[in-house]
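Visitor: What would the 3D arrangement of this be:
(2 chains)
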Amino acid sequence: MKKRHSLLIFLAVAAIISSIWFYTFLISPPKQTLDQRVHAVASQLKCLVCQGESVADSPATLSQQMRVVIRQQLQSGKSEQEVIQYFVSRYGDRILLSPPWQGLTLLAWLVPIALMLGGTLLLFYVLKNWQSQADRSPLDVERTESIDIDEHEIAYYQKQVEQELAAEDSVFSRLGSEVD
Amino acid sequence: MYFSDIGIISLILALGFAVFTIVVATLGATRALPQLVASAKRSVLTVAFFLILASVALIVSFLTHDFGLSYVAQHSNLAMPWYYSASAFYGGQEGSLLYWALMSSIFSAIFVFTAKRAPTVLVPYVLATLMGIETFLLIVLTTVSNPFVRLPVPLANGVGLNPLLMDPGMLIHPPMLLMGYMSFSLPFAFAVAAMITGKLDSEWLRSIRRWMLAAWSIQTLGLVLGAWWAYHVLGWGGYWGWDPVENAALLPWLTATAFLHSTMVQERRGMLKVWNLSLVFASFALSIFGTFEVRSGIINSVHSFAYSTIGSYFLAFLGIVIVFSIGLFIFRLPKLQPEQEFDSVISREGSFLLNNLLLVGAMFATLWGTLFPLISNAVQHQTLTVGPPFYNQVDGPIFIVLILAMGIGPLLAWRRTSTRALRRNLGIPALVAAICAAVLPLLGIRDIWANIAFAVCSFTAGAILYELWRGVRVRHRHGEPYLFALYMLFERYRQRYGGYLVHLGLVMLAIGIIGSHFFQVQQEAVLKPGQQMTIANYKLVYLGNIDRTYPDVEVVTAQLQVWHDGQLQQYIYPGSQLYASFANQPTSLISISTYGLTDLYVFLANWNGLSDATIRVFVNPLVPLVWLGGIVMLLGGIICWWPQRRKRLVSVIVPHTEKEPASQRVGALAPPSVESIVGHSDSSKAEVAPGGEGTLASPPVGVFSGTSENDEEASI
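Guide: Below you'll find the model as predicted:
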């Protein structure tokens, strides 16, 4: 009975959240302002005259001019990707702050992703392996029993330990009214 | 005779004693001669003494402006205040190496003083390893990178320090970060000693954990200070740029964090020995790699003022370290068998493994991104940049999953967790996260990634705070006032609750990062006096420029009024200063004013005369949380590390030894929660040894929830 109750609450909460999310992200997706779009493009491009800064962050004159160009191109109706492509065609790949998804530089992206996936698989394999070893061990019967032990027994052990602790250290002693 | 001569003589003597220590310590250990080990200890103290002497000689040379000394002439001048002169000690390559050697020797000396707490058989090998590292540094210091080289003709005035370094941050950030790098050598020495002797027991684990925790805390402080410095000096509105050198400092921190978690599995269950040792070796190797990277200049970085030619020495040293470590593994592998078996994926062991996967994965991804430009250059002769967008997309999701795991992990029991307990523990945090996810879009947070990230953070914060609340509630029921109960939790279960504090700090830091990453607003305008610019709900009114000229520096500041919600808040003075000796390198004076949890970051980008200024303004929401989170993390680290008071044994302890963890014996008979109660009573026993509580840092989850339920029934 109680279980069904909590399930209902869970479903209700999930429904409310998904409806709010559905509304905000699908029905009326956020509209970016021109400033935000300029910033989004500029932060993908490297400032060529400074050390490790993006066009969005750099105070250099060249970057200021590039931001103006980005703004003009976006205003004239180009997409973000087209603007980035425009700069790549003029300056080459070195203007990009992150390696492009093509050719050799694809490796930059694929290797970490592959490592994470491989690591996850390895982890599952190791866990499964360990678990099957543990399952084969003779102690197993007692173990499965142990997790089903009932709450009364836990309470019993707990009380015992608490009493013993209280005898040693007053911090653990209960107030008189609380003793059950 | 100059002071610098004392320095060079000290360095040579220190080198002699360091080599002597290696020989004597190794002989003392292999021949079982305690006198030789005692001699090695004294010799380590002598090395420390001579390095202190050498450092004092260098500092005195700086303070007395001895421009006959090449290093002093290059890194200071007469106009610098005395504290920047003194800190120029580590402002250049030779001096920072000397500082490193000094810290290494001081830590070695601290080890000597606390050596009676460490396992006796390990001591000589730890000493020998530490002095091996010291020998390397001293060889470099006395040959290719000597800070005490004199010029044929003394200069009248020095060149001065790079203006970027003339900042209060200089006084604390570099020494902390260098100390952090260096401090990984102690866990490394412990690991080497354990591999040689084959003594990898719980006593060893406690010692190495403590040193690693110290190294971790120092490195945390170094990283946060670095971020703070970058925020206050560089003027691009951010604090972390995924610069190669920043990455290099982050890498050993990630592996050290992984180690601190996975050793708990080894403490409790005797598993993962090989893995833990590799994490120690990796942390040390990565800290050497970091130094190599900074020094060699092979990768372009904003830190290029430290560029030099000794990179190859560090590369060679790195090679030696790696080969040596792998050799030890091959030699010792048969002895490193796990003692216990694994029970269930949904257990704390499982969550620690996930934690390790994520941290090491983040480390590899960051390392790969840092090295990729080199690879690409070698293969295709093409220069490219791996910049923030790459790391944000690769590391960002990993860290979000990590934070989620951080919320769930500590609530799981060892061995296996029943679904009922899981539901009971996770219910409230999940509800908090759900409310957060539902409310944020209504508050105008329309970015789906920001929403997910915030929801995850609120889940984890909820889980930690709920756990703290349950602990406090149980103790309160036992007759303690709430605040005292909270204090007692931290006092008694230092490692566990210190760990929670670290987690809480990390969540705060993550919220700060998410806030400033997704919701930073910026604007730039060219203003004439009386003109204004509006950003978010702040209004800036420009009044004019102020130009002040001092003998060695020219300072230009713009004067602006800040209006917020229709009220004049304050006057701000963002500016720029130009040192006479570095005419092409102006440094900015950034004005940062904090309103609640939002920073108004104002930067003078350009100016023309006294009545024209280009002002860049950033509104950075939640950035103060980054610093606050850093402080909380550090505090948590210190609480974990702080030695426990020695206490009387409690007689309730079920008779068993440390080597046989409670779980093995009790676990077969009793449910996990009972086991954890035993763990609790045990903690007072573990207090005999410093930092011992972690050995038995068993989850009080079961206890607390169980007790509280009983109490509720009783009160009804």
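Visitor: okay, CA-based contacts and neighbour counts for the rest of this
Guide: Fine.
Visitor: Helix or strand with the lowest mean pLDDT in chain A?
Guide: Among the helices and strands of chain A, helix A:140-147 carries the lowest confidence by mean pLDDT, DSSP states H and E, at a mean of 41.
Visitor: Relative to chain A, how far out is residue B:252?
Guide: Distance check for residue B:252 against chain A: by CA to the nearest CA, to the nearest Å, it reads 18 Å.
Visitor: now that residue, what's its secondary structure?
Guide: Under DSSP: H, G, I helix; E, B strand; the rest coil, the three-state class of residue B:252 is helix.
Visitor: For it, which non-adjacent residue is closest in space?
Guide: Distances taken as CA to CA, 6 or more residues apart in numbering or on different chains put residue B:283 closest to residue B:252, at 4.5 Å, once the chain neighbours are dropped.
Visitor: Could you report the neighbour count for the one you found?
Guide: Burial of residue B:283, expressed as a neighbour count using other CA atoms under 10 Å in any protein chain shown, amounts to 27.
Visitor: how about the helices of the stretch 251-400 of chain B, start to end?
Guide: Using DSSP state H, counting those that start in this stretch, the helices found in the stretch 251-400 of chain B span residues B:273-296, B:311-332, B:348-380, B:388-408.
Visitor: Would you mind finding the most buried of those?
Guide: Mean neighbours per residue, mean count of other CA atoms under 10 Å in any protein chain shown, is largest over the helices of the stretch 251-400 of chain B for helix B:273-296, with a mean of 23.
Visitor: show me the contacts for residue B:122.
Guide: For residue B:122, the set of contacting residues under the criterion of CA atoms under 8 Å, 6 or more residues apart in numbering or on different chains consists of B:190, B:193-194, B:197, B:199.
Visitor: what distance separates the start and the end of stretch B:58-73?
Guide: As for stretch B:58-73, its first-to-last residue distance stands at 12 Å under the measure CA to CA, to the nearest Å.
Visitor: as a whole number, average confidence for stretch B:402-421?
Guide: Stretch B:402-421 carries an average pLDDT of 79.
Visitor: sorry, that was for stretch A:122-130
Guide: Averaging the model's pLDDT scores along stretch A:122-130 yields 81.
Visitor: List the buried residues in it.
Guide: A:123-124, A:127-128, A:130 (16 or more other CA atoms under 10 Å in any protein chain shown).
Visitor: and which of these is nearest chain B?
Guide: residue A:130 (5.3 Å; CA to the nearest CA).
Visitor: In which helix or strand does the closest one reside?
Guide: With elements taken from DSSP states H and E, the one containing residue A:130 is helix A:106-136.
Visitor: Is chain B within reach of that helix?
Guide: Yes: in this structure, helix A:106-136 sits against chain B according to CA under 8 Å from any CA of the partner chain; the contacting residues are A:108-109, A:111-113, A:115-116, A:119-120, A:123, A:127-128, A:130-131, A:133-135.
Visitor: From these, keep the buried residues only.
Guide: The neighbour count (16+ other CA under 10 Å) marks A:108-109, A:112, A:115-116, A:119-120, A:123, A:127-128, A:130-131, A:134-135 as buried among the residues of helix A:106-136 next to chain B.
Visitor: if I look at residue B:397, how far off is residue B:351?
Guide: As judged by CA to CA, residue B:397 and residue B:351 stand 17 Å apart.
Visitor: Residue B:522 contacts residue B:533, correct?
Guide: No: counting by CA atoms under 8 Å, no contact exists between residue B:522 and residue B:533, whose distance comes to 11.4 Å.
Visitor: Those two: which has the busier surroundings?
Guide: Neighbours were tallied for residue B:522 and for residue B:533 using other CA under 10 Å; the higher tally belongs to residue B:522 (21 against 16).
Visitor: any idea how far chain A is from the more buried one?
Guide: Distance, residue B:522 to chain A, using CA to the nearest CA: 9 Å.
Visitor: who are the neighbours in contact with that residue?
Guide: B:535, B:616-619.
Visitor: ok so, going back, please name every helix or strand in contact with the helix holding residue A:130.
Guide: Where contact means 3 or more CA pairs under 8 Å, 6 or more residues apart in numbering or on different chains; DSSP states H and E, helix A:106-136 is packed against helix B:348-380, helix B:388-408.
Visitor: now the first one against helix A:106-136, angle please.
Guide: Here helix B:348-380 runs at 150 degrees with respect to helix A:106-136, directions being taken by axes from the mean of the first three to the mean of the last three CA atoms, to 10 degrees.
Visitor: near chain A, anything from helix B:348-380?
Guide: Yes: counting by CA under 8 Å from any CA, chain A has neighbours in helix B:348-380: B:350, B:353-354, B:357-358, B:361, B:364-365, B:368-369, B:372, B:376.
Visitor: pLDDT below threshold where in the chain?
Guide: All of this refers to chain A. Confidence mapping of chain A against pLDDT under 70 gives the ranges A:1-4, A:25-31, A:133-159, A:161-180.
Visitor: was after chain B, sorry
Guide: Residues of chain B that meet the criterion pLDDT under 70 lie in B:295-309, B:335-346, B:415-418, B:645-716.
Visitor: So which residues of it form strands?
Guide: B:521-527, B:532-535, B:538-549, B:553-564, B:567-572, B:575-579, B:587-589, B:591-595, B:598-607, B:613-621 (DSSP state E).
Visitor: Just put those in JSON lines and tack on distance to residue A:84.
Guide: As requested, these are exported to JSON lines (distance: least, CA to CA, whole Å):
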{"stretch": "strand B:521-527", "distance to residue A:84": "21"}
{"stretch": "strand B:532-535", "distance to residue A:84": "27"}
{"stretch": "strand B:538-549", "distance to residue A:84": "32"}
{"stretch": "strand B:553-564", "distance to residue A:84": "35"}
{"stretch": "strand B:567-572", "distance to residue A:84": "37"}
{"stretch": "strand B:575-579", "distance to residue A:84": "33"}
{"stretch": "strand B:587-589", "distance to residue A:84": "30"}
{"stretch": "strand B:591-595", "distance to residue A:84": "32"}
{"stretch": "strand B:598-607", "distance to residue A:84": "25"}
{"stretch": "strand B:613-621", "distance to residue A:84": "24"}
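Visitor: can you tell which of the ones you listed is closest to residue B:248?
Guide: With CA to CA as the criterion, residue B:248 lies closest to strand B:587-589 of the strands of chain B, at 24.9 Å.
Visitor: Please, where are all the helices along chain A?
Guide: A:2-21, A:34-42, A:61-75, A:80-91, A:106-136, A:140-147, A:151-168 (DSSP state H).
Visitor: neighbours around the residue lying closest to residue B:586 once chain neighbours are set aside, how many?
Guide: On the basis of CA to CA, 6+ apart, the spatially nearest residue to residue B:586 that is not a chain neighbour turns out to be residue B:578, at 4.7 Å. The local packing of residue B:578 (other CA under 10 Å) involves 19 other residues.
Visitor: Before I go, just wanted to say thanks for your time.
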